[in-house]
Each structure stands twice: as structure tokens, then as C-alpha cells.
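K.L.:
I would like to see how this sequence folds:
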Amino acid sequence: MNNDSFDRNQDTGGSAGNPYGNTGSDFAGGAAQWHSGRGSSDGTASPYPRQTGNGQTPPPQGGFPTQGVTPTAPQPQPRRHRSNKRQGLGVVPVTALMLTTAILTGTITGVVVSRDSQQPVPSAPQVNALNEPAAHRTSLPAAGSVEDVAASVLPAVVSIEVTGPTKAGEGSGSIISADGMILTNNHVVTGVGEPAEIRVNLNDDRSYLADIVATDAQTDIAVIKLREAKDLPVMTFGDSDDLTVGEQVVAIGSPLGLSATVTTGIVSALNRPVRAGGDRGESSLIDAIQTDAAINPGNSGGPLVNMEGQLIGMNSVIASTASGEAGSIGLGFAIPVNQARRIAQQLIDTGVVTHPLLGVLLAQKSRYRGGLVESLTPGGPAERAGIRPGELVLKVDDRVIDSNDALIAAIRSHEFGETVTLKVADPENGTSRDVEVTLTDS
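P.N.:
As a prediction, this is how the structure comes out:
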């Protein structure tokens with residue numbers, strides 16, 4: 001299969017090629033360019049060679065217990081008495097000076113006057129926070145907080161170091177089976193050439209060598225397997241179809257080699273068609289979750305999780321500035337976990353991925369918003385469904401299609417053999433109709 005099928009008017013997948021085509025744009029967006037988030041010692045983009053694996057058995061599902069910790073109620077604070085006189089700069093009221101001195105010198109013991117007896121009643125002693133050892137802290141992270149999510153997810157997040165003949169790279173990954181299956185990006189493990197040594201470092205400082213099970217360059221997904229690993233903590237899968245714009249998320253990985261880095265943000269948008277190209281002409285297209293959580297080179301392959309600590313995306317692509325600087329500018333993109341999980345399972349079971357396709361060749365140049373059908377694959381799904389050359393695809397189910405890449409990404413987000421409803425229109429007279437298409441590989 002040609003790995004650069006997106007740039008040569010080929011179809012979305014399968015052994016027969018992919019006659020979708022594209023608009024020739026790599027989402028430059030005027031001031032921004034897209035980059036995969038793999039760190040590399042020489043700063044070059046990663047190639048995307050296709051590899052197949054050994055057909056391992058499916059990983060068992062695992063997860064983390066949810067900590068249902070009730071937050072400690074906040075303690076009442078003493079009421080501050082305001083003076084009617086203006087305080088000049090550098091002038092400290094006597095009461096404030098006394099309190100500051102007491103905090104710096106030792107324990108404060110106050111008195112409270114009983115309203116009934118008017119007699120002083122000793123108050124509970126207050127411990128000086130500056131002198132309290134960290135080990136005395138008894139409160140646990142509040143359930144659902146970023147701190148709680150990080151504590152539960154970090155054991156199942158790994159950093160990946162790849163060393164090739166002439167250069168090295170780094171990335172991140174998620175443990176998806178107790179015996180060491182790791183979900184990551186294709187460009188993380190194949191971006192430095194072959195032969196390459198893959199070393200995976202766990203959050204508890206254990207280190208393993210790993211082998212590639214299988215990869216898929218078109219979706220930028222890979223599975224690797226740790227050697228002689230067992231009883232590892234496993235990432236819990238969520239459902240990316242349940243995500244909503246504005247939902248809080250947490251990104252974890254090893255940006256710039258800084259392992260176990262936690263950043264937080266929100267889901268900025270859903271169903272973003274984002275294409276990332278390698279330095280040898282290969283291209284991947286993902287139907288991405290957009291987030292403003294800080295993602296940098298080295299975050300690639302790491303998890304994007306919801307506030308329940310469930311994997312809902314795999315961080316893969318970042319935007320760079322007009323000057324070409326790759327770094328966090330609040331535009332990061334992750335592969336939805338439902339798609340990543342489905343493809344990873346195929347890679348483990350068979351070593352290859354069967355992509356659903358529509359069987360159309362799209363016009364590279366069009367003055368219309370949508371996917372303009374230039375020609376059809378004989379006997380393909382679109383032709384069997386009655387789609388005609390010259391028609392414009394405006395929707396896939398309820399999803400609006402405004403470009404060729406949007407159509408390709410929408411089709412790939414579905415499962416092989418699934419039936420979708422396309423809204424197609426005649427761009428000349430504006431008439432439209434709905435067509436049901438069953439997505440197959442031929």
C-alpha cells in the first residue's frame with residue numbers, strides 16, 4: 001500500500017488503495033502548521049513506514065479503582081476588622097504585626113469569650129503550618145480533581161525512547177494490558193529509521209525493552225509489547241462518543257523528555273479533520289479531538305483522559321506558529337479513543353488494519369463546500385448505493401462535511417461494514433437527497 005495515498009487521489013484504505021483524494025492542503029491555516037508531537041534529537045519530522053506484527057492475543061481490560069474521597073470542609077477564617085483610617089504604604093497595623101510575629105515564632109493560642117458567662121474559654125491550639133512536616137498531611141485528593149486523576153492515571157502512562165541508526169526520538173504511551181501491550185503513535189516508534197531500539201520507562205522507574213506488534217501509518221496508531229512484563233497497571237477506557245465541547249480533560253506524557261508531566265484544559269472542538277505529514281511524503285489523517293491542554297513534542301502517544309481518569313483520546317498532533325516553532329499554543333489534537341481502540345485491536349489480532357471506504361474519487365479543486373465526487377470505484381459502496389459523479393457530499397449522518405478531508409475523516413471514524421446516511425446534492429440546481437451506504441473495502 002502506498003503510504004502517501006492521501007496526496008495521490010487514492011481511496012480511504014484497504015488493499016485496493018483509496019480514491020478519495022484531497023485538497024492538497026496540510027492544514028497550514030495561514031499562520032499555523034500541523035506537526036506530530038514526537039520529540040526528535042535533530043528536530044526533523046518523522047517518517048511513516050508501514051509495519052505489521054505478530055498477531056498477539058487481545059489485551060485484557062483493566063482499570064483503576066475510583067477513590068471516593070470526601071473533601072475536608074474548609075475551616076472558618078477569623079473576621080477582619082477594617083479601620084476607617086487610611087493605611088499608608090509601609091504602615092502595618094499593630095494587630096497584623098502581632099499575628100505575623102506569632103506565625104513566624106511558634107504556636108498561636110487564642111481565647112474565645114463565651115456569650116453566656118463572659119469568661120474566657122481556651123480555643124483549640126492552631127498548628128504552625130510553616131513548621132508542620134509534610135508527612136502530617138492527612139487529607140487525600142478530592143475525587144474527580146486533577147490531583148486525583150493524575151494519581152490514578154500516572155501508573156499506566158509510560159515514556160518511550162527510540163534510538164535509530166542516525167537519530168533518536170521520544171514519545172509517550174498508555175499501558176492497555178497487564179502483560180505489557182502499549183498503545184502509542186506510529187510516528188513515535190517508526191520515526192527514526194530501522195533498526196531501532198525501543199525502551200519504555202514506567203512511572204515507578206522500571207524500564208523495559210519493547211518490540212513493535214504492528215502499526216498503521218494512515219491513522220498514526222501503533223501497538224508495542226514490553227519484553228517479560230507482567231502484572232502492570234492498566235489504563236481504563238472511556239467513550240469518546242460521550243465527549244462534549246467545554247468538558248475538562250487532562251493530558252499526561254513526556255513533553256521534551258520531562259516524564260510524568262500533567263497538563264489540563266478543555267475539549268475545544270470535536271471531529272476536527274487534521275492531516276500530519278512526514279518528511280518522506282507519508283501522511284496520516286485523524287478525526288481529532290481538539291484541546292487547549294498544553295501538548296508539546298514528546299506528548300505524542302500519551303493519554304488524554306476525562307475527569308474520571310478514563311482514556312478518551314491519544315495525543316498526536318500539535319499546531320506550530322508561523323515561524324515554525326513547534327510547541328503548545330493551545331491547539332492540540334488527539335485521536336478519539338473509540339477509533340484508537342478499534343484499530344489497536346485489529347493490529348493485535350491480525351497485524352493489519354482494514355479501513356472502511358466509500359469508493360469515490362474526489363475533485364481536488366472545487367468551488368463548493370463539501371466533498372465533490374469526481375468519479376466512482378466500479379462496484380464500490382458508493383456506486384452500489386446510487387451516488388453519481390458530480391454530486392456533492394454535504395453530510396455523513398448528522399455531521400456536516402465542508403471539505404475532502406472532512407469526508408475522509410468522517411468515513412474513517414466509522415466501523416468496517418457499518419451503514420451511514422449521506423446527504424448529497426446537485427451543486428447546479430441545489431436539489432438534495434439522502435443515500436444509505438454500507439462501508440466496505442471493495
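
K.L.:
in the protein, where's the longest helix?
P.N.:
helix 337-350 (DSSP state H).

K.L.:
now for that one, which elements pack on it?
P.N.:
In this structure, helix 337-350 makes packing contacts with strand 181-184, strand 207-216, strand 221-226, strand 311-320, judged by 3 or more CB pairs under 8 Å, 6 or more residues apart in numbering; DSSP states H and E. (Glycine included, C-beta is placed from N, CA and C.)

K.L.:
how does it look with 6 Å?
P.N.:
Packed against helix 337-350, as judged by 3 or more CB pairs under 6 Å, 6 or more residues apart in numbering; DSSP states H and E, are the following elements: strand 221-226, strand 311-320.

K.L.:
between the helix or strand following the shortest one and strand 311-320, how many degrees?
P.N.:
Tracing the chain C-terminally past strand 221-226 and defining elements by DSSP states H and E, one meets strand 248-253 next. Between strand 248-253 and strand 311-320, the angle comes out at 70 degrees (axes from the mean of the first three to the mean of the last three CA atoms, to 10 degrees).

K.L.:
pLDDT of the longest helix of the chain, averaged?
P.N.:
Averaged across helix 337-350, the pLDDT comes to 96.

K.L.:
dump that helix to CSV, keeping only the CA atoms.
P.N.:
Output of helix 337-350 as CSV, limited to C-alpha atoms (Å, rounded to 0.1, in the frame of the first residue of the first chain):
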residue,chain,number,x,y,z
VAL,A,337,-10.2,6.5,21.9
ASN,A,338,-13.1,4.6,20.2
GLN,A,339,-11.2,4.7,16.9
ALA,A,340,-7.8,4.1,18.5
ARG,A,341,-9.1,1.1,20.5
ARG,A,342,-10.7,-0.5,17.4
ILE,A,343,-7.6,-0.1,15.3
ALA,A,344,-5.3,-1.3,18.1
GLN,A,345,-7.4,-4.5,18.4
GLN,A,346,-7.1,-5.2,14.7
LEU,A,347,-3.3,-4.6,14.9
ILE,A,348,-3.1,-7.1,17.8
ASP,A,349,-5.3,-9.7,16.3
THR,A,350,-4.2,-9.7,12.7
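
K.L.:
buried residues, that helix. List them.
P.N.:
Judged by neighbour count using 16 or more other CB atoms under 10 Å, the buried positions of helix 337-350 are 337-344, 346-348.

K.L.:
likewise for stretch 186-195?
P.N.:
186-193.

K.L.:
kindly report the same for stretch 384-391.
P.N.:
For stretch 384-391, a neighbour-count test (16+ other CB under 10 Å) marks 385, 387, 391 as buried.

K.L.:
present these as CSV; the columns should include distance to Ile176.
P.N.:
CSV is the format used below for the buried residues of stretch 384-391 (distance: CB to CB, whole Å):
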residue, distance to Ile176
Ala385, 36
Ile387, 38
Glu391, 41
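
K.L.:
so of those, which ones are in strands?
P.N.:
With strands defined by DSSP state E, no entry of the buried residues of stretch 384-391 lies inside them.

K.L.:
list just the nearest of those residues to Leu202.
P.N.:
Distance to Leu202 across the buried residues of stretch 384-391 (CB to CB) is lowest for Ala385, with 48.6 Å.

K.L.:
okay but the closest one is in contact with Leu439, surely?
P.N.:
No. Because the distance of 10.2 Å does not satisfy CB atoms under 6 Å, Ala385 is recorded as not touching Leu439.

K.L.:
for Leu407, find the nearest of the helices and strands packed on helix 337-350.
P.N.:
Distances from Leu407 to each of the helices and strands packed on helix 337-350 were compared using CB to CB; the minimum, 19.1 Å, belongs to strand 311-320.

K.L.:
same question for that closest one, mean pLDDT?
P.N.:
Averaging the model's pLDDT scores along strand 311-320 yields 91.

K.L.:
in helices only, show me the buried residues of stretch 186-195.
P.N.:
Among the buried residues of stretch 186-195, the members falling in helices (DSSP H) are 186-190.

K.L.:
can the residues you listed go into JSON lines with extra columns for pLDDT and distance to Ser268?
P.N.:
Below are those laid out as JSON lines (pLDDT from 0 to 100; distance: CB to CB, whole Å):
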{"residue": "Asn186", "pLDDT": "93", "distance to Ser268": "24"}
{"residue": "His187", "pLDDT": "92", "distance to Ser268": "22"}
{"residue": "Val188", "pLDDT": "93", "distance to Ser268": "23"}
{"residue": "Val189", "pLDDT": "93", "distance to Ser268": "28"}
{"residue": "Thr190", "pLDDT": "89", "distance to Ser268": "29"}
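
K.L.:
so which of the residues you listed is the closest to Thr261?
P.N.:
Distance to Thr261 across these (CB to CB) is lowest for Val188, with 15.8 Å.

K.L.:
so how far is Asp398 from the closest one?
P.N.:
Between Val188 and Asp398 the distance is 33 Å, computed by CB to CB, to the nearest Å.

K.L.:
tell me the SS of Ala178?
P.N.:
When states are read from DSSP: H, G, I helix; E, B strand; the rest coil, the local structure at Ala178 comes out as coil.

K.L.:
isn't it up against Met235?
P.N.:
No. Taking contact to mean CB under 6 Å, the distance of 11.0 Å between Ala178 and Met235 leaves them out of contact.

K.L.:
who has more neighbours out of the two?
P.N.:
Applying other CB atoms under 10 Å to Ala178 and Met235 shows that Met235 carries more neighbours, namely 27 against 16.

K.L.:
any idea which strand is longest in this protein?
P.N.:
The strand spanning the most residues in the chain, taking DSSP E as the definition, is strand 261-277.

K.L.:
so which bits of it are buried?
P.N.:
261-265, 267-268, 270-277.

K.L.:
what is the burial count for Ala251?
P.N.:
Ala251 sits with 27 neighbouring residues when counted by other CB under 10 Å.

K.L.:
you'd agree it is up against Pro303?
P.N.:
No. Taking CB under 6 Å as the definition, Ala251 is not a contact partner of Pro303, at 7.5 Å.

K.L.:
output the below-cut-off pLDDT ranges for the protein.
P.N.:
Applying pLDDT under 70 to the predicted model, the residue ranges of the chain that meet it are 1-139, 277-282, 321-326, 442.

K.L.:
could I get the full set of helices for it?
P.N.:
Listed in chain order (using DSSP H), the helices of the chain are 94-105, 146-153, 186-190, 337-350, 381-385, 404-412.
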